[in-house]
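# What shape does this take:
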Amino acid sequence: MNIVVLLKQTFDTEEKIPLADGQIAADGMKYIINPYDEYALEQAIRTKEELGGKVTVVTAGADRSEEALRTALAMGADEAVRMADIDEDADESVIAAVLSKYLQSISYDLIWAGHFSVDAGGGQVALRTAYRLGIPHVSAIVSFQLQERLVLAERDSEGDTEKVKVQLPALFTAQQGLNEPRYPSLPNIMKAKKKPLTVITPQDLGIPDENLKPKTIVIERKLPASRQTGKRLEGELHEQVKQLIRLLREDQNLQI
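Down below sits the predicted model:
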């Protein structure tokens, strides 16, 4: 069983995110594995422990993302691949193009990814990758069973649950609640240093430069407006309703 986990390194959302000139100031920030990708990785490792095989973690990112790959190796993945020389402004279409091109060059049975990343939150990379590979894609998995080449899964659907059957190969994205990710042990952290970590560029895969141009551009990022003090509406009920309607129309920073 060859299992691939698409992994992303994101900034720690538990810490304050600094902005400078409308962009995230990356210097000094703490980076972690995207939490939803941890659920995906844990499920991949559990499947390998049950059925045997190999788990490969793949990311597209800067040199610092190798720290996340080493953590994944310490958790139980067997090898890691980093797609390098990709512009920091690359959007989901570019990332999916690079990942799918690499995946087309290897053998896989099952692909896992997080439901979405906590930094961008687009949830597009996995779906676009599955489309390019021509394989089924099922998102927001909260329960997973594998019977030979048939997957019996449950997915979160806006608070409800859907049951699905899918033949492998297929791509699944993990939702919170699927499992509880393990912590790397000290012996496994030491072993991870000797596990293979391969760096591949788009040029190695023969991807033309025009396929590396993003289709969307982030112009500016802004922090949420600071919370204001509450406003008390005076008068009779019908007068309060009129005041509320006026505030909703005129005050763009109004928080309810």
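# what are the ranges of the strands in the protein?
2-6, 9-11, 19-20, 23-24, 31-33, 54-60, 79-83, 110-114, 137-147, 150-157, 160-167, 170-174, 197-200 (DSSP state E).
# got the contact list for the longest one?
Contacts of strand 137-147 with the rest of the structure, by Cβ atoms under 8 Å, 6 or more residues apart in numbering, involve 43, 47, 51, 110, 115, 123, 126-127, 130-131, 151-157, 161, 164, 166, 170-175, 177-178. Yep, even glycine has a C-beta here, placed from its N, CA and C like the rest.
# one more time with 7 Å, if that's ok
Under the contact criterion Cβ atoms under 7 Å, 6 or more residues apart in numbering, strand 137-147 has outside partners 43, 47, 115, 126-127, 130, 151-156, 164, 166, 170-175, 177-178.
# still on that earlier bit, right, and the strands of the chain - which one's nearest residue 94?
strand 54-60 (8.4 Å; Cβ to Cβ).
# elements contacting that closest one?
Counting contacts by 3 or more Cβ pairs under 7 Å, 6 or more residues apart in numbering; DSSP states H and E, strand 54-60 is packed against strand 2-6, helix 35-51, helix 66-75, strand 79-83, helix 92-103.
# Adding distance to residue 23, mean pLDDT and mean neighbour count, write those out as TSV.
Listed next are the helices and strands packed on strand 54-60 as TSV, based on distance: least, Cβ to Cβ, whole Å; pLDDT from 0 to 100; neighbours: other Cβ atoms under 10 Å:
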stretch	distance to residue 23	mean pLDDT	mean neighbour count
strand 2-6	25	98	23
helix 35-51	23	97	21
helix 66-75	21	96	22
strand 79-83	22	97	22
helix 92-103	18	96	21
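# Any idea which of the ones you listed gets closest to residue 234?
Closest to residue 234 of those, according to Cβ to Cβ: helix 35-51, at 45.0 Å.
# I'd like to know which elements the closest one is packed against.
The elements that helix 35-51 packs onto, with contact taken as 3+ Cβ pairs under 7 Å, 6+ apart, are strand 2-6, strand 54-60, helix 66-75, strand 110-114, strand 170-174.
# Let's see that helix as CSV, backbone CA atoms only.
Taking Å, rounded to 0.1, in the frame of the first residue of the first chain, the C-alpha atoms of helix 35-51 are listed here in CSV:
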residue,chain,number,x,y,z
PRO,A,35,-3.4,20.9,11.8
TYR,A,36,-5.8,19.3,9.3
ASP,A,37,-2.8,17.8,7.5
GLU,A,38,-1.8,16.2,10.9
TYR,A,39,-5.2,14.3,10.9
ALA,A,40,-4.4,13.1,7.3
LEU,A,41,-0.9,12.0,8.3
GLU,A,42,-2.1,10.2,11.3
GLN,A,43,-4.7,8.3,9.3
ALA,A,44,-2.1,7.4,6.7
ILE,A,45,0.3,6.0,9.4
ARG,A,46,-2.5,4.0,11.0
THR,A,47,-3.3,2.4,7.6
LYS,A,48,0.3,1.5,7.1
GLU,A,49,0.6,0.0,10.5
GLU,A,50,-2.5,-2.1,9.9
LEU,A,51,-1.9,-3.2,6.3
